[in-house]
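Student: got a structure for you, letters missing:
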């Protein structure tokens, strides 16, 4: 059964004294009003971590009651930071089954009332436990991915900095035009460069903020102007060190492939997109993983202005997570609300796009391991059925990987990427320097060095020694002499 | 599209050193083996509160990876203590939509590693915030419901005690025959009477234990021997004080009505059931709410032996939550696993029922505010389509209720029901006495009395005075003289 969007709503994102249920009630009321409904058959609630952010459990029932819908079936759905999109997918199947006619999806999070260190600690719980033990945070892992991207595509540090700043500048420009965005101010390259370093090379302006907010959407089996055309969903290994690639998310590629196949569409059919830019490098990588630009060329499209609001392929017309804000449970749904609003011609004069026949939203859960891609299409669009996307790469089979049963006690390796993290989570001192080291046996390990207080002495490709101390790997740059000796040894063995 | 069960599995429930993901992996492997599958199209993970019980977030991705299925879409679903049934419902719609063919539902919880006080505190977070402020716990609210049931159906205290003990004795008898149950011992009435008082009149043997465990089930669009026949789901007000009735759960009635309607079946078609007996009174009330016995007669059927393993209508052949154990996220699915196993003739010689054509599982989320009813049916059953259940009562419209905007500062009221709670949550002294007081204006309030250290001086129907101190209502029995005065005043006003 086909599934349509009949109403959307969202609160202003930002910092508010309103309770989570009040915000969610406000978003729900807007969506219900637009859909001209006062009851629905079921409610799907997207919240990532109400247990720790607000201290409630049984939140689906709490919310149904607080919005005046006690009685109505209510289910909480969670896929980490893609939760809003996960709730949308779940509700989509419920309506597509024919068992339910009108379903309310309601996603939100309340975050700003806690300290940044506490919020950082709660958000870090999405990370693999052993990577978390090093004090790794989401920005730290994203920073290592950014550095690797720069290295792989030969972008000098200053160029990488420029590219990342362009994402922030573009999304702040869009957000400034969006009345519901958290930040309604444009920023310059100077502002960007002045902003505090969070985890080298990522600055405050590379990271989505901590935000309160809620979004709502109604799905229905009754035809409306906007149809759900394709949905794809895929996970990946929890640990980043277990991935084949550090500069692309297989879970996005796999989810995209499924969504394009269901929709019988290609990337070239998409007119605009909301791409998960919790960190600026993720937007660039996202536009490549989704097939909009070839691998390693997302930054070029950005630099050429293609992804600007009035560019040939607008990305994050809403301002993205970066500028609209990122209430973790809500963002995935807020993206879809933006796509639907654009299609309904309701984005407001200053942000309204012209070409909105097909739009796509991509949402990342955790550090790229629970991702969803949603494609909406105008119902009256003239369309030729296509066999779906045939990407020019073989999608890699994602394989659950474990660390080797007898982890190496030490040895020699190569620094694949690294960061110095300044904004450490609750319970860790600042700064922390860590990186991924590839050992001679080919295993990738996370390792730290408590003595490096800045990233300046390190380069990707450095040869390092590894030791295992108190359950953590510690790496150290091999001194020049030792490196020469090793090279000599290598020559001798020829 | 019709949906079938192709495999089930569960761990032994109890106290274990195994991690949550290890238990869930074990259950998944059993279900996959039975279904002869090594991949599925999606995973639905039911966990109630991994955030606080084990300190993980992003658990859907974690689990997909840890069971060797990184890549596969994985979604966490939660409806409080009915979570396992909520995940089943969600997966049912996904398969019924035709978009997914084989789906793994995997539900579990890890609880025994924390202190009882801490676990009690975490579990109490499902309760309405203002009721929680009194120190109200699940057993305390269940105890008040039990007392009210006894009063409404004229059961003297000793009779109520006998009735409740019969639930515990029956379910322990069944659990003793179930190799996967937490408690594999029968209990006597003497054991029951010797067991510690948790919240008057509920003893330890009236309450489901704290348990580790996991259950798994595979749904498929390929016909098998067991079909999903009906599913119903309903919420209720979060606060117990906002309900019309204290001795019946509207959310069960409403969910049952939907499930019977979808299945085109009546209660009389059901041959056996798993009924959520987190507390012994809930099993009795459940059998009434589900239409198996008329209101107020569930206890009679129990006393007559109708619900015993070899009775005419077996209830909780698995041992129920009481004896099989209650890992909060898993129980709702474990019930359905039991129903399917009975239908597949795999319950084991000593527990296998003869009449298993149609079975029903009822699961309670929170204090009766997120309930699900699931009906399974043998696919080869000869059946006449029926219009569905027409209950002999008008299902009440559940209405979200708020406290009056200007709560009374005090006054006079009647004690509707009460309890003395001995096993208090983290941060509260023991014992605590509280009860529901109906004010003269008809509002029901939760109120406590810090000076009553036992339930002995109180009776349902007592006239009480109410005062408001430090944000809590405090009730006190009106002294005899004052009661006489009031009566006199009443007479005078005639």
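Tutor: Nice, I can see it. Predicted model, so just to flag it, every value in this text is computed and none were measured.

Student: excluding its backbone neighbours, what's nearest residue A:164?
Tutor: Distances taken as Cβ to Cβ, 6 or more residues apart in numbering or on different chains put residue A:280 closest to residue A:164, at 4.4 Å, once the chain neighbours are dropped. In this view, the C-beta of every residue, glycine as well, is placed from N, C-alpha and C.

Student: now the one you found: how far from residue A:203?
Tutor: Computed as Cβ to Cβ, to the nearest Å, the residue A:280 to residue A:203 distance reads 9 Å.

Student: ok, the two, which is more surrounded?
Tutor: Ranked by neighbour count (other Cβ atoms under 10 Å in any protein chain shown), residue A:280 and residue A:203 place residue A:280 first, with 29 against 23.

Student: Look at the nearest residue to residue A:267 once chain neighbours are set aside and report its pLDDT.
Tutor: Using Cβ to Cβ, 6+ apart and skipping residues adjacent in sequence, the residue nearest residue A:267 is residue A:291, 3.4 Å away. Among the per-residue scores, residue A:291 shows a pLDDT of 96.

Student: How many neighbouring residues does residue A:291 have?
Tutor: For residue A:291, the tally of surrounding residues (other Cβ under 10 Å) stands at 22.

Student: Does it touch residue A:255 like I think?
Tutor: No: applying Cβ atoms under 8 Å as the test, residue A:291 and residue A:255 come out as separate, 11.7 Å apart.

Student: nearest spatial neighbour of residue A:324, skipping sequence neighbours?
Tutor: Using Cβ to Cβ, 6+ apart, the nearest residue to residue A:324 is residue A:181, at 4.4 Å.

Student: Then residue A:228?
Tutor: Leaving aside its sequence neighbours, residue A:228 is closest to residue A:3 (4.6 Å, by Cβ to Cβ, 6+ apart).

Student: Go ahead and confirm that neighbour touches residue A:217.
Tutor: No: the pair residue A:3 / residue A:217 is not scored as a contact, 11.3 Å apart, by Cβ under 8 Å.

Student: what sits against the residue of the stretch 351-494 of chain A found nearest chain B?
Tutor: When scored by Cβ to the nearest Cβ, the stretch 351-494 of chain A has residue A:398 as its residue closest to chain B, at 3.3 Å. By Cβ atoms under 8 Å, 6 or more residues apart in numbering or on different chains, the residues touching residue A:398 are A:234-237, A:250-251, A:254, B:70-71.

Student: Could I get the full set of helices for the stretch 201-350 of chain A?
Tutor: When assigned using DSSP state H, counting those that start in this stretch, the helices of the stretch 201-350 of chain A occupy the ranges A:250-263, A:280-289, A:298-304, A:320-324, A:331-343.

Student: Would you mind finding the most buried of the ones you listed?
Tutor: Using mean count of other Cβ atoms under 10 Å in any protein chain shown, the stretch among the helices of the stretch 201-350 of chain A with the largest mean neighbour count is helix A:320-324, at a mean of 33.

Student: ok, residues contacting it?
Tutor: Surrounding helix A:320-324, the residues in contact under the criterion Cβ under 8 Å, 6+ apart are A:13, A:167-168, A:171-172, A:174-176, A:178, A:180-183, A:205, A:207-208, A:274-278, A:280, A:283, A:316, A:318, A:331, A:334.

Student: please redo it, this time with the cut-off set to 7 Å
Tutor: A:13, A:168, A:171-172, A:174-175, A:178, A:180-183, A:208, A:276-278, A:280, A:283, A:318, A:331, A:334 (Cβ atoms under 7 Å, 6 or more residues apart in numbering or on different chains).

Student: tell me the domain boundaries of chain A?
Tutor: Structural domains assigned to chain A are A:4-112+A:208-378, A:410-492, following automatic domain parsing.

Student: Any idea how far the last one is from the middle of the chain?
Tutor: Spelled out, that is domain A:410-492. Relative to the chain's own centre, domain A:410-492 is displaced by 27 Å; criterion: Cα atoms, centre = their mean, to the nearest Å.

Student: end-to-end on stretch A:339-357?
Tutor: 10 Å (Cα to Cα, to the nearest Å).

Student: hmm, who's touching that stretch?
Tutor: With Cβ under 7 Å, 6+ apart, stretch A:339-357 has contacts from A:5, A:8, A:174, A:177-178, A:217, A:225-226, A:271-272, A:274, A:309, A:314, A:317, A:359, A:361, A:376-378, A:381.

Student: Buried among those residues? Make that a PyMOL selection.
Tutor: Taking 16 or more other Cβ atoms under 10 Å in any protein chain shown as the burial criterion, the selection of buried members of the contacts of stretch A:339-357 in PyMOL is written as:
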select buried, chain A and resi 5+8+174+177+178+217+226+271+272+274+309+314+317+359+361+376+377+378
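
Student: The contacts of stretch A:339-357 in strands, which ones?
Tutor: Counting by DSSP state E, the part of the contacts of stretch A:339-357 found in strands is A:5, A:8, A:217, A:226, A:272, A:274, A:359, A:361, A:376-378.

Student: Adding distance to chain B and pLDDT, write those residues out as a markdown table.
Tutor: Formatted as a markdown table, those follow (distance: Cβ to the nearest Cβ, whole Å; pLDDT from 0 to 100):
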| residue | distance to chain B | pLDDT |
| --- | --- | --- |
| A:5 | 17 | 98 |
| A:8 | 22 | 98 |
| A:217 | 17 | 98 |
| A:226 | 19 | 98 |
| A:272 | 25 | 98 |
| A:274 | 20 | 98 |
| A:359 | 21 | 98 |
| A:361 | 16 | 98 |
| A:376 | 16 | 98 |
| A:377 | 17 | 97 |
| A:378 | 22 | 97 |
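
Student: Pull the most distant pair out of these.
Tutor: Based on Cβ to Cβ, the longest span within the ones in strands among the contacts of stretch A:339-357 runs between A:217 and A:272 and measures 17.7 Å.

Student: Could you say whether the residue of the stretch 351-494 of chain A closest to chain B sits in a helix, a strand or coil?
Tutor: Assigned state for residue A:398: coil (three-state reduction, DSSP: H, G, I helix; E, B strand; the rest coil).

Student: repeat for residue A:371
Tutor: Under three-state DSSP, the three-state class of residue A:371 is strand.

Student: Pull up the residues of the stretch 151-300 of chain A that are close to chain B.
Tutor: Residues of the stretch 151-300 of chain A found near chain B (Cβ under 7 Å from any Cβ of the partner chain) are A:233-238, A:254.

Student: and which of those residues is nearest residue A:156?
Tutor: Top of the list for closeness to residue A:156, among these and by Cβ to Cβ, is residue A:236 at 29.5 Å.

Student: On the pLDDT front, check that closest one for me.
Tutor: Reading off the confidence values, residue A:236 has pLDDT 96.

Student: sorry, back to before: most tightly packed of the domains of chain A?
Tutor: Ranked by mean neighbour count, with mean count of other Cβ under 10 Å as the criterion, those are topped by domain A:4-112+A:208-378 at a mean of 24.

Student: Regarding it, how distant is the last residue from the first?
Tutor: Start and end residues of domain A:4-112+A:208-378 are separated by 10 Å (Cα to Cα).

Student: and the residue positioned nearest the centre of chain A, what does it touch?
Tutor: In chain A, the C-alpha nearest the mean C-alpha coordinate belongs to residue A:364, at 3.5 Å (Cα atoms, centre = their mean). Contacts for residue A:364 were tallied using Cβ under 7 Å, 6+ apart; they are A:81-82, A:249, A:276, A:278, A:282, A:371.

Student: again with residue A:307
Tutor: A:170, A:287, A:301, A:313-315.

Student: helix or strand right after the top helix by length along chain A?
Tutor: Ranked by residue count, the top helix of chain A under DSSP state H comes out as helix A:157-176. Heading C-terminal from helix A:157-176, the first helix or strand you meet, by DSSP states H and E, is helix A:189-194.

Student: List the contacts of the helix or strand following that following helix.
Tutor: Sequence-wise, the next helix or strand downstream of helix A:189-194 (DSSP H and E) is strand A:197-199. With contact meaning Cβ under 7 Å, 6+ apart, strand A:197-199 is reached by A:139-140, A:143, A:203-204, A:207, A:419-423.
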